[in-house]
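Novice: Here is my input; please provide its structure:
(2 chains)
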Amino acid sequence: NSKVIQTPRYLVKGQGQKAKMRCIPEKGHPVVFWYQQNKNNEFKFLINFQNQEVLQQIDMTEKRFSAECPSNSPCSLEIQSSEAGDSALYLCASRTGASQNTLYFGAGTRLSVL
Amino acid sequence: GDSVTQTEGLVTLTEGLPVMLNCTYQTIYSNPFLFWYVQHLNESPRLLLKSFTDNKRTEHQGFHATLHKSSSSFHLQKSSAQLSDSALYYCALSPSGGNYKPTFGKGTSLVVHP
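Specialist: Residues are numbered from 1 along each chain as shown, chains lettered A, B, ... in the order given. Below you'll find the predicted structure:
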């Protein structure tokens, strides 16, 4: 069973509000991913970290999101100004270093932007 | 870049019939890892099976898949569908080594009815 912990499970925000969600990766997993699962159930990659460093991120994340993975604290993903189109399930996943290793997913944070 | 193409949308089956979900991929890397993840309703995605070895059948929980590099395919099969197999299925690809982000297909929703 996955031990990736995401909080909160549900988040409701108004348009323009900040929305922040957190993730504690599985112990010993230095690589953390954030995905957005949209209403069509597609996974959209947002950003990934190795330890505290950003490895890759998409343009939208760079412009509208704030994300970090500090040492000894949960990783976080924050939308600076929520839009209706941000309503989705946000999944955090972690793995050990090499890219062929399995991703372990958290239960997700479901964001609703009203 | 890499891409993964799956059987799109919804697949509906009667219990007891065989399951086949298609997955083909494109990559510049010669030794990719291929994965199938499964996500049941209101649960987080988890690994179903993965493979690296050409032409070797991989099995788990009644499902099996064989990586065929000649046709760039990794189709998921099961001989007899069960009601509990109803879920979302995602095919994914990662190059071996390094620290690359996996590429996911758009997902296939499998519904098994009595």
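Novice: Next, count neighbours for residue 4.
Specialist: The chain I'm using is chain A. Neighbour count of A:Val4, defined by other Cβ atoms under 10 Å in any protein chain shown: 23. C-beta coordinates here come from the backbone N, C-alpha and C atoms, glycine included.
Novice: sorry, should have said chain B
Specialist: B:Val4 - counted by other Cβ under 10 Å - has 23 other residues nearby.
Novice: Next: B:Ser70.
Specialist: Neighbours of B:Ser70 under the rule other Cβ under 10 Å: 7.
Novice: What of B:His68?
Specialist: With other Cβ under 10 Å as criterion, B:His68 counts 15.
Novice: if I look at it, how far off is B:His113?
Specialist: When distance is defined by Cβ to Cβ, to the nearest Å, B:His68 is 31 Å away from B:His113.
Novice: same thing with A:Ile47?
Specialist: Between A:Ile47 and B:His113 the distance is 39 Å, computed by Cβ to Cβ.
Novice: What parts of chain A come near chain B?
Specialist: Neighbours of chain B within chain A, by Cβ under 8 Å from any Cβ of the partner chain: A:2, A:4, A:31, A:33, A:40-43, A:45, A:48, A:50, A:55-56, A:91, A:93, A:97-100, A:102-108.
Novice: for the most centrally placed residue in chain A, helix, strand, or coil?
Specialist: In chain A, the centroid-proximal residue (Cα atoms, centre = their mean) is A:Trp34; its distance is 3.3 Å. Classification of A:Trp34 using DSSP: H, G, I helix; E, B strand; the rest coil returns strand.
Novice: Contact partners for B:Ser110?
Specialist: Quick fix: residue B:110 is Leu, not Ser. B:11, B:13, B:19, B:21, B:81, B:85-89 (Cβ atoms under 8 Å, 6 or more residues apart in numbering or on different chains).
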